[in-house]
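S.K.: return atomic coordinates for the entry below.
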Amino acid sequence: MHTFLRLMLRFKLIVLLLAVAVVAGGAWSATQLRQQLFPDIAFPLAAIKVDAPGIPPAVLDDQVATPLAASLDGVAGIRNLTTVASDGVVTLYGELELGVDVDATTKRILAKLGAVDLPAGVGAPKRLGAFTEQPVLISAIVTKSAKIGDLTTRVDALRTELLKVDGVAKVEIPGAVREQVQVQLSAAAETAGLTPAYVLELLGPDAANSNVADLEAVRLPAALSSGSGKLQTVGDVASVRIVTDPGAGFAIANGSPSVAVRVQRKQDANEVGVVDGAQKILSRFDADNADLQVVTLSENATGVKASIKGLLIEGILGAIGAVLVIFLFLRSGRGTLIAAISIPTSLVFGLLVGYWLDLTLDIITLAGLTIAIGRVIDDAIVVIENISKHIERGESVTDAVVNGTAEVFTAIVASTAATVAVFLPLGFLGGFISSLFRSFSIIVAVSLAASLLVAITVIPVLAELMFRRAARDHTMHTHERGKLERWVRPATAFGLRHRVLTVGLAVLSVVGTGALVASGVIPTQFLPDSSVQQVYGTVTLPPAQTEDQARAQLKDLSSILDNAKGVVDWQYSFGAETIKVDFASGPNTVTFVANLDKKADGGPIVQRIRTLGSAAYPDSFTVAQLENGPPAGTFQANIKTTDPEVLRTATERLVSFLKQRNDLNEVGGSQGSATIPQLQVTERTDAPGKVDVASLRRAVAAYSNPAIDEKGDGPSIAVLPPATAPGTGGLQPATLAVLPARPVDAGSGSATSTATIGDLAQLSVKPQLAFISRSEGKLTTTVNATIEGKDTAGITKKIKADIKRLQQSGELGNIDISYEGDAAFVQQMFHDLLKAIAIAVLLVLIVLVLAFRSLFQPIAMLAPVLFSTFGAFIALALTGNALGLPAMIGQLLLIGIVVANAILLVDAVVRKRRAGASV
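M.R.: From the prediction side, this is the model:
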């Protein structure tokens, strides 16, 4: 080590130039890192959507959801699978094993689903957006006088410009009006045995872009036109017209018609850059269209910039505080300046490596760098302090620099390696926690390792340059050190004289800490409240609502948001492309977003909106203040059973039971009991031969379900069965009379099978479930609630105990209940972080054994880790703060600090012993 240090001193200029180059490169890297609010989090969930416009839930459950679920049997990585069939949509939610590659597993799932043979009119399975695929910018284009069709045309052009912004992956425009070519089949088509799917195929792939006359002139099969000669073209069996797409929905912003603009970024894009680029285009669009107004409802850039600015200010203040503390102890301006230089020099190393590894600069990483400021300076302080001691002993400056640095080399290597060992495993455990802290762990670990490199290269060089004429400073230094020793010595001597009492108190503190945690005095939650000035919520309308019905029912929502004090802007949308905060929302779920005044207190505003909304929409209204990150404070109970009536009564009883609690809000169940009229197929007991139920139901669906081909942002085409009459499940009474005579071999009017639908089944229209959810083959529904209070884990534990007693009383019937929500996150968080702490302690022990070549001394150094937790938990209990993710990360930091201090202390004792001092 002495040779290395003398080499550094010989080439001072090169060392300093390299240091300057690293600082400059790191500063540049900081501006190039991807800036975003949170890291790219991979939740262990695969969500798949299958569109089947116009097909009722019972048919989708039987002919789509069930075979799709069956195809995923045996697929590795799926922990649990839930299917939800609603009107025109099937959604599959795959809960994945922790630690699996979410993207790779989802691709395997999509490949399996894509191989399933699905009925006509059912689209291809496609992935729903994950947390990282949520919009980074949501704006509303509000029309003051323009018609919605003209607005759509202009927003389409705007969308084209937004897609040119670097890093933009997708731009959605919910509320835009789309045209649909609607082909309405007549009774003659059904009599001829023509199905909507066959007619759609007959019209060809470009039918949506054809005119009405051309479509009506399309020739029918020769088998139909060779008889009476009356059925020769599509116009003979259907009416064709251009209409507004009923599935496009609508959007209302600040009480006026609007179109939403939702911008999503690419996975590797700079979030701030994407938002800034998109806002420039939106500002130009606003200036060029005087009759329109652009309202920004949500954007992530401001939050990221504010977080970066705030953490930079805190970091600078922390660095200034650290420098002042160093000066109070060293009483040397030169020594303080040398130590302070190690802060930026060490941190930029981490940023440089972060840029090289394409990591993100987010609030988690910035918080880590702020924490690291206090630790990266430690090695420099130890080196400077020891160099000063050697100068005071009369050594030349060069010898003092070499000998002083070499003397503490083992100690600072061990302490730094131990601290790195604490943080580094956090990013490589797998699962949610590692996704959240990967950038944090790598950048902090590299910065800490860099502080060691700086301490043995840059610091000695600067010390030799600046300490040559500083003999007087060290006299003062000696004086101050003597005063500190006089303060510390009595406490140390007391502990050594009363070893049994000292150890006993330490053990008692550990036992007391355990009792404190077990007592439940300290609340536990996943993340603390981090609300922003924005409100979001949902209104669940009755199933199968038309656009006109939805507009009428949502007038109350418009009034509530328009008259809410403190609400600045708001928007809600209804339809196929509604604004989704939760992608699990059903097609009849209206989602609204509202911006609050910057100075307004969000809590009372949310409560007023909740009170009015719950009165207007009983049991179907939710509202909450938006959180920075995943939603917090949620309770979710999943009910499973094979009996739909048991499911309905159990859900109603559980919702009623939970509404009586004061620690829950917005209690509601998913629409497991809602019904809509649907065609019911019942196999005949007197049917000739064996009935192929699957073929029978496919034949009925082929005649009764519409066939729709959607063309993205262009016009769609829909071939509809004979006109729907209200309350008949999509079929007219005349159709119910004709359908039994249709052949089971449905299609083009040239069926070869002699068996008819009526030979094999009885048809009727009856109310059936509007939402059919299944998990593990059982019917399932969900009861959700918002937890009021910090102790989400404690409250959840009490709720589960009360539900268990209710279930044991028999009031809920024969059901199975499982739980999700914050409690599951808290449990997984503790599991992952305790595993990280265990690995960190093991790695630290290995580092210490290698450094000190002893087992007893490292164990003695690790013992204070247990005792140090006492003060942390006492602080949480006294302040009422929760034991959550930030507190657990703080505990990891505490381990690193305690071990580093213990290493320096033991190393000093060992050196004293070698010099001949007694114990």
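S.K.: distance of the closest residue to residue 846 other than its chain neighbours from residue 339?
M.R.: The shortest distance from residue 846 to any residue other than its chain neighbours is 7.9 Å, reached at residue 421 (Cβ to Cβ, 6 or more residues apart in numbering). Placement of C-beta: from N, CA and C, glycine included. To residue 339, residue 421 is 24 Å away according to Cβ to Cβ, to the nearest Å.
S.K.: who's more crowded, the two?
M.R.: Neighbour tally, residue 421 and residue 339, criterion other Cβ atoms under 10 Å: the higher count belongs to residue 339, 28 against 24.
S.K.: secondary structure class for that one?
M.R.: The three-state label for residue 339, taken from DSSP: H, G, I helix; E, B strand; the rest coil, comes out as helix.
S.K.: I figured it hits residue 326, correct?
M.R.: Yes - taking contact to mean Cβ atoms under 8 Å, the distance of 5.2 Å between residue 339 and residue 326 places them in contact.
S.K.: next, show the common contact partners of those two.
M.R.: With contacts defined as Cβ atoms under 8 Å, 6 or more residues apart in numbering, the residues adjacent to both residue 339 and residue 326 are 377, 381.
S.K.: quick check, pLDDT for residue 627.
M.R.: pLDDT, the model's per-residue confidence, is 66 for residue 627.
S.K.: meant to ask about residue 13, not that
M.R.: Per the predicted model, pLDDT is 90 at residue 13.
S.K.: my read is it is in a helix, agree?
M.R.: Yes - judged by three-state DSSP, residue 13 forms part of a helix.
S.K.: pLDDT at the residue nearest to residue 136 when sequence neighbours are not counted, what is it?
M.R.: Nearest non-adjacent residue to residue 136, counting by Cβ to Cβ, 6+ apart: residue 300, 4.7 Å away. At residue 300 the predicted local distance difference test score is 79.
S.K.: what's the weakest-modelled helix or strand in the chain?
M.R.: helix 733-738 (a mean of 60; mean pLDDT, DSSP states H and E).
S.K.: beyond it, next helix or strand please.
M.R.: Past helix 733-738, heading to the C-terminal end, the next element that is a helix or strand (DSSP states H and E) is helix 757-760.
S.K.: so where's the stretch 1-150 of the chain uncertain?
M.R.: Judged by pLDDT under 70, the stretch 1-150 of the chain has its weakly predicted residues at 42, 54, 98-99, 129-133.
S.K.: from residue 407, how far out is residue 836?
M.R.: Taking Cβ to Cβ as the measure, residue 836 and residue 407 are separated by 34 Å.
S.K.: kindly apply the preceding question to residue 293 instead.
M.R.: With distances taken as Cβ to Cβ, residue 293 is found 70 Å from residue 407.
S.K.: with residue 354 instead?
M.R.: To residue 407, residue 354 is 33 Å away according to Cβ to Cβ.
S.K.: repeat that for residue 245.
M.R.: Remark: distance between residue 245 and residue 407 (Cβ to Cβ) = 79 Å.
S.K.: those two: who's more crowded?
M.R.: residue 245 (20 against 17).
S.K.: outline the domain layout of this structure.
M.R.: By the record's domain assignment, the chain is partitioned as 1-31+301-497, 45-132, 137-177+248-299, 179-244+675-732+745-769, 531-627 (automatic domain parsing).
S.K.: so for residue 847, which of those domains sits nearest?
M.R.: Proximity to residue 847 (Cβ to Cβ) singles out domain 1-31+301-497 among the domains of the chain, at 4.6 Å.
S.K.: chain center to that closest one: distance?
M.R.: In terms of Cα atoms, centre = their mean, to the nearest Å, the centre of domain 1-31+301-497 is found 35 Å from the chain centre.
S.K.: start to end distance for that domain?
M.R.: Start and end residues of domain 1-31+301-497 are separated by 38 Å (Cα to Cα, to the nearest Å).
S.K.: kindly report the same for stretch 50-59.
M.R.: 13 Å.
S.K.: again with stretch 200-216
M.R.: One end of stretch 200-216 sits 12 Å from the other (Cα to Cα).
S.K.: can you list contacts of it?
M.R.: In this structure, residues lying in contact with stretch 200-216 by Cβ under 8 Å, 6+ apart are 120, 181, 183, 218, 220, 233-235, 238, 240-242, 707, 709, 711, 714-717, 719.
S.K.: can you pull the contacts of residue 358?
M.R.: With contacts defined as Cβ under 8 Å, 6+ apart, the neighbours of residue 358 are 34, 268.
S.K.: measure it to residue 771 for me?
M.R.: The spacing between residue 358 and residue 771, counted by Cβ to Cβ, is 42 Å.
S.K.: residue 48 now?
M.R.: Residue 48 sits 17 Å away from residue 771 when distances are taken as Cβ to Cβ.
S.K.: and if you look at residue 272?
M.R.: 40 Å.
S.K.: what secondary structure does residue 135 sit in?
M.R.: Following three-state DSSP, we place residue 135 in the coil state.
S.K.: quick one, what contacts it?
M.R.: 172, 262, 263, 264, 298.
S.K.: mind putting these into a markdown table with neighbour count and distance to residue 344?
M.R.: Written out in a markdown table, the entries for the contacts of residue 135 read as follows (neighbours: other Cβ atoms under 10 Å; distance: Cβ to Cβ, whole Å):
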| residue | neighbour count | distance to residue 344 |
| --- | --- | --- |
| 172 | 18 | 43 |
| 262 | 20 | 40 |
| 263 | 27 | 35 |
| 264 | 20 | 36 |
| 298 | 22 | 35 |
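S.K.: show me where the stretch 251-400 of the chain has helices.
M.R.: For the stretch 251-400 of the chain, the helices defined by DSSP state H, counting those that start in this stretch cover 271-288, 301-330, 333-356, 363-376, 378-392, 397-407.
S.K.: ah, wrong one, I meant the stretch 551-700 of the chain
M.R.: Secondary structure of the stretch 551-700 of the chain (DSSP H, counting those that start in this stretch): helices located at 555-563, 602-616, 644-658, 693-704.
S.K.: just give the number of residues close to residue 504.
M.R.: Going by other Cβ under 10 Å, the residues that sit close to residue 504 add up to 11.
S.K.: host element of it?
M.R.: helix 499-518.
S.K.: then residue 817?
M.R.: Going by DSSP H and E, residue 817 is in strand 816-821.
S.K.: I'd like the next helix or strand past that strand.
M.R.: Proceeding N to C from strand 816-821, the next assigned helix or strand is helix 822-852, under DSSP H and E.
S.K.: what's the next secondary structure element after that following helix?
M.R.: Note on helix 822-852: by DSSP H and E, the next helix or strand toward the C-terminus is helix 856-879.
S.K.: could you list the buried residues of that following helix?
M.R.: Counting neighbours by 16 or more other Cβ atoms under 10 Å, one finds that the buried residues in helix 856-879 are 857-858, 861-862, 864-865, 867-870, 873, 876-877.
S.K.: is it true that residue 452 touches residue 418?
M.R.: No - Residue 452 is not in contact with residue 418 according to Cβ under 8 Å; the separation is 11.3 Å.
S.K.: test my guess that residue 380 contacts residue 460.
M.R.: No - in this structure, residue 380 sits apart from residue 460 without contact. The criterion is Cβ under 8 Å, and the distance is 10.2 Å.
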